[in-house]
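S.K.: just need the structure, nothing else, for what follows:
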Amino acid sequence: MVNKIPKGISVVSTFHLNIHSLSKNYDHLNQYLLGLEHTFSVIALTESWLTKETDSLYELPDYNCVHCHRKIRVGGGVSLYIQRDFHFVRRNGLKLKSNFDLFELVFAEISRSPHFGGKHVIIGCIYPQPPNSNIDLSSEALSSLLKHINLAGKVCFLIGDFYVNLLLSDKHSLTVNFLNIMHADYLYPLLIMSTWITSNSATLTDNIFTNTFNYPTSSDILFSDISDRPSIFQFTLNSDNQKSSNNVTKCRIFNEENMEHFKSVIGGVTWDSVHNESDP
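M.R.: Residues are numbered from 1 along each chain as shown. Below you'll find the model as predicted:
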């Protein structure tokens, strides 16, 4: 589906992959991205396994990047790669108010994106730390952060592996609670089908949540052999594209040919019922 993204039309698009070590899969990722017919606006990676000493070694061409490294233990980490065409700042103030290291997350804010009527866009990449992936505790901590984003009135895309299987939302109370917290701040998942399928299970833990549905948006899954997990993506058409395609102005053409046609049509109508009406 990614190769069906309209060409020559401005879109904002995001791509996520649990890469399970960027240093190991760096060359493979670059080759894979070059093989696609679309260049994503934002690339979000979870389990990047980078450190402060190594992150500069794994930049992507034509992208600027921000990272959050795992503080203790090997592994983890999240990264955002944002196309250099976008002006953005890292939002260090967007963090969880918790005494526990529940999430690894990084946020960036794109200034006055023309894709969303000049609104600022907040992009976040998030990954719970599995040893502490208590859904209930994590959801409560996440709630205050989401409220802060919602009150700012900005477009938001929250991307990552949330360690919450949304396919269980009809029978798992903690999953329902997680979704209620997201919905309370107008964040809804773009993917509703399984994103990870094995021989004996199917789960939906990777997702892209957003609070904007005013513009045509599509999302899907991409398979590759970079990781044991598929990647996910979305793209949203520029608001100007939507206006140009949807706002069609209709008008009457008053020329001699059309006026003669109108007279002919009117002349063929029988008006006796109107003339004989007692209360016209």
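S.K.: now do the contacts for residue 230.
M.R.: Neighbour list for residue 230: 195-196, 206, 221-224 [criterion: C-beta atoms under 8 Å, 6 or more residues apart in numbering]. The C-beta positions use only the backbone N, C-alpha and C, and glycine is treated the same way.
S.K.: closest to residue 128 out of those?
M.R.: Nearest to residue 128 out of the contacts of residue 230 is residue 206 (C-beta to C-beta; 12.2 Å).
S.K.: which residues does stretch 147-154 contact?
M.R.: 94, 109, 119-122, 156, 185-186, 211.
S.K.: so how far is that stretch from its chain's centroid?
M.R.: 16 Å (C-alpha atoms, centre = their mean, to the nearest Å).
S.K.: avg pLDDT for that stretch?
M.R.: Across stretch 147-154, the average pLDDT comes to 84.
S.K.: give the buried residues for that stretch.
M.R.: By neighbour count on 16 or more other C-beta atoms under 10 Å, the buried set for stretch 147-154 is 149, 154.
S.K.: and the strands in this protein?
M.R.: 11-18, 42-46, 63-68, 78-83, 88-90, 103-110, 121-128, 155-161, 188-189, 196-197, 202-203, 206-210, 217-222, 231-237 (DSSP state E).
S.K.: pairing partners for the first one, with directions?
M.R.: The sheet places strand 11-18 alongside strand 42-46 (parallel), strand 231-237 (antiparallel), with pairing taken from DSSP bridges.
S.K.: got the CA coordinates for it in CSV?
M.R.: Extracted C-alpha coordinates of strand 11-18, given in CSV (Å, rounded to 0.1, in the frame of the first residue of the first chain):
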residue,chain,number,x,y,z
VAL,A,11,1.5,14.4,2.6
VAL,A,12,2.7,14.0,6.1
SER,A,13,3.6,10.4,6.9
THR,A,14,5.0,8.4,9.8
PHE,A,15,6.7,5.0,9.9
HIS,A,16,7.4,2.8,12.9
LEU,A,17,9.4,-0.3,13.4
ASN,A,18,10.6,-2.2,16.5
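S.K.: residues contacting it, please?
M.R.: Contacts of strand 11-18 (C-beta under 8 Å, 6+ apart): 5, 29, 38, 40-47, 113, 115-116, 121, 123, 125, 127, 157, 159-161, 206, 208, 222, 226-227, 229, 231-238.
S.K.: show me how far it is from its chain's centre.
M.R.: Counting by C-alpha atoms, centre = their mean, strand 11-18 is centred 7 Å from the centre of its parent chain.
S.K.: circling back: now, which of the contacts of stretch 147-154 sits nearest residue 145?
M.R.: Residue 145 lies nearest to residue 94 out of those, by C-beta to C-beta, at 6.4 Å.
S.K.: on that earlier part again, quick one, which of the strands of the chain is nearest to residue 260?
M.R.: Evaluated over the strands of the chain, closeness to residue 260 peaks at strand 231-237, with 43.1 Å, by C-beta to C-beta.
S.K.: tell me which of the contacts of residue 230 has the lowest pLDDT.
M.R.: Within the contacts of residue 230, pLDDT is lowest for residue 196, at 85.
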